[in-house]
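J.: Could you look at this predicted model? Sequence included:
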Amino acid sequence: MLLRHMAKFDSNLDLCFSALGDPTRRMILQRLARGAASVSELAKPHDMALPSFMGHLRKLEDAGLITSTKQGRTRVCELTPDAFTPARDWLSEQSAVWEGRLDRLDDYVTTLMKEREK
């Protein structure tokens with residue numbers, strides 16, 4: 001059961017980091033951090049065909065980072081609340097692991113230096 005949960009978590013995390021790996025998608029997210037926007041507004045600063053741009057939006061939606069709704073003939077996108085929580089939590093865990101490793105290395109080097117002084 002735990003492995004199945006971890007596999008789902010890792011899959012979601014993989015989608016999130018994959019989505020964040022592209023500068024166009026990061027720019028879209030930065031824009032949406034200021035508030036909801038239509039697809040045409042989001043696409044305007046990017047020099048690409050609309051189908052290609054829609055692929056970026058689809059990847060962000062698949063990763064759970066944004067949602068889109070149809071308002072009349074206009075599709076509006078917005079950030080998903082707490083979308084970055086899994087990535088932030090994973091990065092915090094990795095940071096704690098490495099801080100622990102560096103603390104142990106520091107302790108080891110300090111011990112070696114003290115033994116050398118004797």
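T.: Received, thanks.
J.: C-alpha from now on. contacts and neighbour counts both.
T.: Fine.
J.: Quickly find the element holding Pro81.
T.: Taking DSSP states H and E as the definition, Pro81 sits outside all helices and strands.
J.: What count of nearby residues applies to it?
T.: Using other CA atoms under 10 Å, Pro81 has 11 other residues around it.
J.: What of the one 5 residues further on?
T.: Applying other CA under 10 Å, we find 15 residues neighbouring Pro86.
J.: isn't it right up against Leu13?
T.: Yes - using CA atoms under 8 Å, Pro86 is in contact with Leu13, at 6.7 Å.
J.: other SSEs contacting the lengthiest helix in the chain?
T.: Ordering each helix of the chain by length in residues (DSSP state H) puts helix 85-117 first. Here helix 85-117 touches helix 2-20, going by 3 or more CA pairs under 8 Å, 6 or more residues apart in numbering; DSSP states H and E.
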